[in-house]
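> structural data only, the sequence is not supplied:
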Ligand code: FES
C-alpha cells in the first residue's frame, strides 16, 4: 500500500497520529549538531549530549553531527560516560541517508536497520555501517575521519 492509499483507507486522523508518533520517536532523543572539523577530525563537544543546561546529569542517547564538507552526517551514540560510537549515516545497501530512531538507524528506502554499533539488524543491507574511531579529549569528542 502506498502513502495515498494508506491515507484514503485510514483517513487523515490516522495519518496524523502515525506521523506524530514517528516524529516524536525520531526527535525525542536526537539532537542535530553542526560540528567543526580540525584536520582529519570532526569535533563534537560532550555538552552536545546534555539534555538541558539545568540538568547536567541527563544525556541524549545520540547526536547527529553535520558538516557541509561531508556527503552524509555522522550519528554519534553515547554508549556510556566514556564510550561513544560514530557511524556514517549511509546505508550499505544502496547509499540512502539513514534516520536515527532511538538506538537504531533505519533506512527509508528499503527498510534496512542497523544497531547503534553499526551492525545489520534487518536487511536487505548485508554489510555493517562504516565506523570511525572516537576519542575523548578536553570535553570534546574527536572523531577520526581518515
Ligand atoms: S538503500 Fe537502504 S535498504 Fe536499500
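Thanks, I have it. Owing to the predicted nature of the structure, the values given are computational and were not obtained by experimental measurement.
> in its sheet, which strands sit next to the host helix or strand of residue 32, and in what direction?
Using DSSP states H and E, residue 32 sits in strand 30-34. Each strand paired with strand 30-34, and its direction, by DSSP bridges: strand 62-66 (parallel).
> beyond the partner strand, next helix or strand please.
Proceeding C-terminally, strand 62-66 gives way to strand 74-80 as the next helix or strand, assigned by DSSP H and E.
> so residue 129 touches residue 92, yeah?
Yes. Under the criterion of C-beta atoms under 8 Å, residue 129 makes contact with residue 92 at 6.3 Å. Any C-beta I mention is one placed from the backbone N, CA and C, and that applies to glycine too.
> circling back to that earlier point, what residues does whichever helix or strand comes after the strand holding residue 32 touch?
Using DSSP H and E, the helix or strand that follows strand 30-34 in sequence is strand 36-38. Contacts with strand 36-38, where a contact means C-beta atoms under 8 Å, 6 or more residues apart in numbering, come from 42, 43, 67, 69, 142, 145.
> top of those by neighbour count?
Of the contacts of strand 36-38, residue 42 is surrounded by the most neighbours, 24 neighbours in total, counting by other C-beta atoms under 10 Å.
> next, that residue: phi, psi?
Backbone torsions for residue 42, taken as degrees, to the nearest 10, come to phi -90, psi 140.
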